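Trainee: my questions are about this predicted structure, shown below with the sequence.
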Amino acid sequence: MATVKHEDDERQITRLLDAMNAGQAGASDQLAEQIFDDLRAMARRRLKSDGGGGVTIQPTMLASDTLMKLIRQRERFDNAGHLFAIASRVMMRLLIDYHRTRKAAKRGSGNLVRVSLDPDQAADSKSNGEGLDVEALNDALEKLAALDARKADVVRYRVLWGLTTAEIAKQLGVSTVTIERDWSFAKAWLAKELSP
């Protein structure tokens, strides 16, 4: 992710965002084409970390829905990092909405979509009950963001995007030591907040 190509991609996305913000014709279409593969990769990681959890939505559909919501919001994005931070939040909300719809259709069958704070380890709620309910995690992240927005962003980048400490530090413009400290605090705070 920290390759020259990625830095070029970030510059291209920021250029397209500037063009879109200036109302340049076709800029939003070019931006959508530029970021779609990144959104699909994020959706794939997110659904993988859910460990199945009853979610049957495909990564391409989740990425498409996220992209459509981003375009409809017409929010002004400052740069690629800002865009992807908002995309992470949109994707989380879409998963929660999808989960609620499934839950309502099953009339409270009790199936929860589970997530893991470790993006490298899928949470299989059917076999071992580990992981966190995605709705509970989202609620906790909203509370954490009210306390410290950067720490909430660190969790989103790590859990939703699967970024490394160095990649998160680059995105947020801080040192890796700061990210490690934020991650340690956020994990401990979330564990306390989400404990029964």
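Mentor: Arrived safely.

Trainee: contacts for stretch 81-98 next, please.
Mentor: 10, 13, 17, 35, 38-39, 42-43, 46, 50, 55, 57, 62, 65-66, 69-70, 73, 75, 77, 113, 134-135, 137-138, 141, 153, 156-157, 160-161, 171-172 (Cβ atoms under 8 Å, 6 or more residues apart in numbering). C-betas here are computed from N, CA, C, even on glycine.

Trainee: which of those residues are buried, as a ChimeraX select command?
Mentor: Selecting the buried subset of the contacts of stretch 81-98 in ChimeraX, with 16 or more other Cβ atoms under 10 Å as the burial test, is done by:
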select :10,13,17,35,38,39,42,43,46,50,55,57,62,65,66,69,70,77,113,134,135,137,138,141,153,156,157,160,161,171,172
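
Trainee: inside helices: which ones of the contacts of stretch 81-98?
Mentor: 10, 13, 17, 35, 38-39, 42-43, 46, 62, 65-66, 69-70, 73, 134-135, 137-138, 141, 153, 156, 171-172 (DSSP state H).

Trainee: avg pLDDT for the longest helix along the chain?
Mentor: Longest helix of the chain, by residue count under DSSP H: helix 80-105. Confidence for helix 80-105, expressed as mean pLDDT, is 80.

Trainee: off-centre distance for it?
Mentor: Distance of helix 80-105 from its chain centroid, counting by Cα atoms, centre = their mean, to the nearest Å, is 8 Å.

Trainee: and it, which residues are buried?
Mentor: Neighbour-count burial for helix 80-105 flags 80-81, 83-92, 94-96, 98-99, 102-103 (criterion: 16+ other Cβ under 10 Å).

Trainee: Three-state assignment for residue 24, please.
Mentor: Put simply, residue 24 is coil when judged by DSSP: H, G, I helix; E, B strand; the rest coil.

Trainee: on the pLDDT front, check it for me.
Mentor: The model's pLDDT for residue 24 equals 87.

Trainee: thank you kindly, that will do.
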